[in-house]
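S.K.: Fold the following for me, if possible:
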Amino acid sequence: MGDATIQYKCPACGAALKFSANDGELKCDACGNQYKIEALQMLAQSDATNTGFDWSEYKEAFGTGETLDNTVVYNCLSCGATVQTDATTAATHCPYCDNEIVINERLTGGIKPNYIIPFKIDKKGLKDKVAEYAKGKKLLPKNFFSEQVMDKIMGVYVPFWLFDAELAGEMDFDASSVKFFTDSRYSYTKTDHFLIKLNGKMNFSKVPVDGSTKMDDDLMDALEPFDYSQMVPFDTSYLSGFLADRFDENPDKSLPRASKRMLESATDAFSSQISSSYSSSSMRSNRMKISQAAVKYAMLPVYLININYDNKKYRFAVNGQTGKTVGELPVSKKRKWFYFFKTAAITAAIVSLIAFWLFR
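M.R.: Model prediction:
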């Protein structure tokens with residue numbers, strides 16, 4: 001199987017290398033040298049002969065009922081310390097020497113990802129995107145996204161299933177057309193009712209569904225879209241300097257979520273076609289079915305932000321490729337009352353001014 005962990009070392013000084021989202025290269029903080037991924041691939045102790053995740057091979061090797069142990073222990077190759085992780089961690093850092101660790105056996109063989117989208121937003125870019133997200137939100141608590149909070153954030157490669165499928169079948173709609181006309185005496189309304197039957201198919205490519213039960217599904221869905229044109233074949237070099245999880249929910253369990261998304265898209269497309277031609281419409285029945293489903297395994301870049309405020313946890317996510325930021329923002333009670341009284345004072349002043357001019 002090879003070594004359980006990988007650590008990328010600078011050929012010049014031996015210090016740990018980290019992937020730079022800003023440059024797209026591996027960078028040494030100690031001596032400042034940078035290296036292209038391609039130049040260092042020969043040094044990586046990865047499973048270079050395997051083409052990546054295959055759904056049918058995965059089922060044969062692991063079965064659909066695969067379970068994972070809770071914790072696994074590894075030794076840091078730099079300082080020899082024992083590093084404990086959960087069973088889905090694929091990349092982490094040593095808490096003693098802070099060197100980056102990629103857990104090779106989580107990302108090889110039948111569970112090696114097919115693709116990865118490298119981080120494009122670095123820490124500085126992350127702060128700018130979050131500041132832009134918070135800009136203009138007057139009721140947000142002051143310093144909610146503090147420097148201390150932002151400095152602790154780590155980028156995470158989240159496991160995603162990318163589904164391809166064909167959706168075909170029929171949909172029935174009740175529709176009506178309303179016309180108005182008048183004569184010299186009366187106004188008339190004429191309503192015609194129709195039963196519309198539509199038959200068609202839609203092909204879907206790379207519909208994303210996160211494969212980690214740790215991730216909030218709504219947050220992950222809201223981070224879309226990712227730019228697939230920047231997706232590259234998976235290489236462990238991109239993980240250095242970031243955290244990463246391997247999937248803990250297999251494709252069979254994730255397919256219903258993908259199917260639902262496809263069905264909703266098809267329903268919207270068919271419904272919009274009907275609504276553009278009739279005054280009103282509603283779906284009567286839906287007989288669309290998924291077929292020819294296929295899936296690939298990809299690692300997509302995400303920054304996760306967790307902040308506790310007023311005894312409540314607020315969770316945010318930032319697309320590490322595009323910078324799109326999503327999450328629920330709290331309301332500062334002090335600022336809420338400040339703006340309430342400020343608005344009330346302005347309103348009272350305007351009313352008093354109007355009364356003065358009316359009754360002087």
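S.K.: residues contacting Pro225?
M.R.: Thr322 (C-beta atoms under 8 Å, 6 or more residues apart in numbering). Quick note: C-beta positions are derived from backbone N, CA and C, even for glycine.
S.K.: Quick check: it is in a strand.
M.R.: No. If the criterion is DSSP: H, G, I helix; E, B strand; the rest coil, then Pro225 is coil and not within a strand.
S.K.: Enumerate every residue touching the residue nearest to Lys206 when sequence neighbours are not counted.
M.R.: For Lys206, ignoring the flanking residues on the chain, the nearest one in space by C-beta to C-beta, 6 or more residues apart in numbering is Leu162 at 4.2 Å. The contact partners of Leu162, by C-beta under 8 Å, 6+ apart, come to Tyr115, Lys206, Val207, Pro208, Val295, Lys296, Tyr297, Ala298.
S.K.: repeat for Val326
M.R.: Leu219, Ala222, Leu223, Phe316, Ala317, Val318.
S.K.: ok, and the most crowded of the residues you listed?
M.R.: Neighbour tally across the contacts of Val326 (other C-beta atoms under 10 Å): the maximum, 25 neighbours, falls on Val318.
S.K.: List the pairing partners of the longest strand along the chain within its sheet, with orientation.
M.R.: Looking only at the chain and at elements set by DSSP state E, the strand with the highest residue count is strand 280-309. Sheet partners assigned to strand 280-309 using DSSP bridges are listed as strand 115-116 (parallel), strand 155-182 (antiparallel), strand 312-319 (antiparallel).
S.K.: could I get those strands as JSON lines with mean pLDDT and distance to Ser279?
M.R.: Output for the strands paired with strand 280-309, formatted as JSON lines (pLDDT from 0 to 100; distance: least, C-beta to C-beta, whole Å):
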{"stretch": "strand 115-116", "mean pLDDT": "93", "distance to Ser279": "46"}
{"stretch": "strand 155-182", "mean pLDDT": "91", "distance to Ser279": "4"}
{"stretch": "strand 312-319", "mean pLDDT": "88", "distance to Ser279": "40"}
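S.K.: right, so of those, which gets closest to Lys36?
M.R.: Between Lys36 and those, the shortest gap by C-beta to C-beta is with strand 115-116, which sits at 15.8 Å.
S.K.: Can you tell me what sits against the closest one?
M.R.: Applying C-beta under 8 Å, 6+ apart, the external contacts of strand 115-116 come out as 52, 157, 162, 231-235, 238, 296-300.
S.K.: What average pLDDT does the next helix or strand after that strand get?
M.R.: Downstream of strand 115-116, the first helix or strand assigned by DSSP states H and E is helix 123-134. Helix 123-134 comes out with an average pLDDT of 88.
S.K.: quick revisit: relative orientation of the longest strand of the chain and helix 123-134 in degrees?
M.R.: On the basis of axes from the mean of the first three to the mean of the last three C-alpha atoms, to 10 degrees, strand 280-309 is oriented at 120 degrees to helix 123-134.
S.K.: Map the structural domains onto the sequence of this protein.
M.R.: Domain assignment for the chain, taken from automatic domain parsing, gives 5-161+212-246+299-329, 164-203+257-294, 333-360.
S.K.: worst average pLDDT in those domains?
M.R.: domain 333-360 (a mean of 53).
S.K.: Do I have it right that Gly241 meets Phe19?
M.R.: Yes. Using C-beta atoms under 8 Å, Gly241 is in contact with Phe19, at 4.8 Å.
S.K.: Kindly export stretch 253-263 (C-alpha atoms) in PDB.
M.R.: The C-alpha trace of stretch 253-263 is given here as PDB (Å, rounded to 0.1, in the frame of the first residue of the first chain):
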ATOM      1  CA  LYS A 253     -27.000   7.200  -0.400                       C
ATOM      2  CA  SER A 254     -26.300  10.600  -2.100                       C
ATOM      3  CA  LEU A 255     -28.000   9.700  -5.400                       C
ATOM      4  CA  PRO A 256     -31.500  10.600  -4.200                       C
ATOM      5  CA  ARG A 257     -30.400  14.100  -3.400                       C
ATOM      6  CA  ALA A 258     -28.900  14.500  -6.800                       C
ATOM      7  CA  SER A 259     -32.100  13.000  -8.400                       C
ATOM      8  CA  LYS A 260     -34.200  15.500  -6.500                       C
ATOM      9  CA  ARG A 261     -32.200  18.400  -7.700                       C
ATOM     10  CA  MET A 262     -32.400  17.200 -11.300                       C
ATOM     11  CA  LEU A 263     -36.100  16.600 -11.000                       C
END
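S.K.: Next, the buried residues of that stretch.
M.R.: Buried residues in stretch 253-263, counted by 16 or more other C-beta atoms under 10 Å: Ser254, Leu255, Arg257, Ala258, Ser259, Arg261, Met262, Leu263.
S.K.: can you list these in a markdown table and add secondary structure?
M.R.: Output for the buried residues of stretch 253-263, formatted as a markdown table (three-state DSSP):
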| residue | secondary structure |
| --- | --- |
| Ser254 | helix |
| Leu255 | helix |
| Arg257 | helix |
| Ala258 | helix |
| Ser259 | helix |
| Arg261 | helix |
| Met262 | helix |
| Leu263 | helix |
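S.K.: Mind putting those into JSON lines with distance to Ser276?
M.R.: JSON lines is the format used below for the buried residues of stretch 253-263 (distance: C-beta to C-beta, whole Å):
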{"residue": "Ser254", "distance to Ser276": "34"}
{"residue": "Leu255", "distance to Ser276": "32"}
{"residue": "Arg257", "distance to Ser276": "29"}
{"residue": "Ala258", "distance to Ser276": "28"}
{"residue": "Ser259", "distance to Ser276": "26"}
{"residue": "Arg261", "distance to Ser276": "23"}
{"residue": "Met262", "distance to Ser276": "22"}
{"residue": "Leu263", "distance to Ser276": "21"}
